[in-house]
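Chemist: What follows is a predicted structure for the sequence shown.
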Amino acid sequence: DQVPRNELAGAVSLNAFGFNVGRSVAPAIGGAIVAALGAATAFAINAVSYIGLILALHRWRPEFPKAQLPKETLHRAIGSGMRYVSLSPAIIGVTLRALAFGILGAALWALMPLIARNVLQGGAMTYGAIFGAFGLGAMTSALLITRLRERHSSDVLVNASTAAYGIGTIVAGVSPF
């Protein structure tokens, strides 16, 4: 709703870049705060950091287009969505791929504190640095994605990214297999 359709791919890349700047910088800062001042202070600072966002959302008054269809109950809307997905092979493929990646990829995120402490013999700073490295990699890909989309299909990019992630976890010794 906020971006013209022809600029959507660029807007998604820009959003991913901004998200990953935060994901790469914030863990390093958070790790430093935890190491210097403790976890409680880090949580307090994080809570205070949301005040500006909460105020902006409170003041935001978006204009929604007039609904053309009657309102649906939550259960009926979920059923409609499930029927739509079940009748679309392309969406089924994307959903299954995202589900598999999410389940298998979650192992790495869940094990990250143990990897930082036991494998790398580190603490909060190491943990923050690891997450910073993930964010840095994601920022790099967000900068390159427009050029890569000009040369390769989305399927090729997703498959290559998934394979690289899988190989990386195996090489690092944190694969769920």
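Modeler: Here it is on my side, so go on. As the structure is a prediction and not an experimental result, all values here were calculated from the model.
Chemist: which element is residue 107 on?
Modeler: Using DSSP states H and E, the element containing residue 107 is helix 89-114.
Chemist: buried set for that helix?
Modeler: Buried residues in helix 89-114, counting neighbours by 16 or more other CB atoms under 10 Å, are found at 104-105, 108, 112. Placement of C-beta: from N, CA and C, glycine included.
Chemist: Of the residues you listed, just say which sits nearest to residue 125.
Modeler: Here the nearest of the buried residues of helix 89-114 to residue 125, counting by CB to CB, is residue 112; it sits at 13.6 Å.
Chemist: just for the chain, where's the confidence low?
Modeler: Within the chain, the ranges that satisfy pLDDT under 70 run 172-177.
Chemist: the helices in it, which residues?
Modeler: Along the chain, the stretches classed as helices by DSSP state H are 8-37, 39-49, 51-59, 74-86, 89-114, 124-151, 154-172.
Chemist: just checking, what packs against the third one?
Modeler: It refers to helix 51-59. Packed against helix 51-59, as judged by 3 or more CB pairs under 8 Å, 6 or more residues apart in numbering; DSSP states H and E, are no other helices or strands.
Chemist: roughly how far is it from the heart of the chain?
Modeler: On the basis of CA atoms, centre = their mean, to the nearest Å, helix 51-59 sits 22 Å off its chain's mean C-alpha point.
Chemist: With the fifth one instead?
Modeler: Going by CA atoms, centre = their mean, the spacing between the C-alpha centre of helix 89-114 and its chain's C-alpha centre is 11 Å.
Chemist: and the angle for it with helix 154-172?
Modeler: 20 degrees (axes from the mean of the first three to the mean of the last three CA atoms, to 10 degrees).
Chemist: if we can go back for a sec, identify, from the buried residues of helix 89-114, the entry nearest to residue 15.
Modeler: residue 105 (20.0 Å).
Chemist: That closest one and residue 31, how far apart?
Modeler: 22 Å (CB to CB, to the nearest Å).
Chemist: now residue 66
Modeler: Look at residue 66 and residue 31: by CB to CB, they are 49 Å apart.
Chemist: Of the two, give the one with the bigger neighbour count.
Modeler: Taking other CB atoms under 10 Å, residue 66 and residue 31 do not tie; residue 31 has more neighbours (23 against 4).
Chemist: Quick one: residues contacting that one.
Modeler: 124-129 (CB atoms under 8 Å, 6 or more residues apart in numbering).
Chemist: 10 Å - rerun?
Modeler: Shown in contact with residue 31 (CB atoms under 10 Å, 6 or more residues apart in numbering): 42, 116, 122-132.
Chemist: try residue 148
Modeler: Counting by CB under 10 Å, 6+ apart, residue 148 makes contact with 141, 154, 156-157, 160-161.
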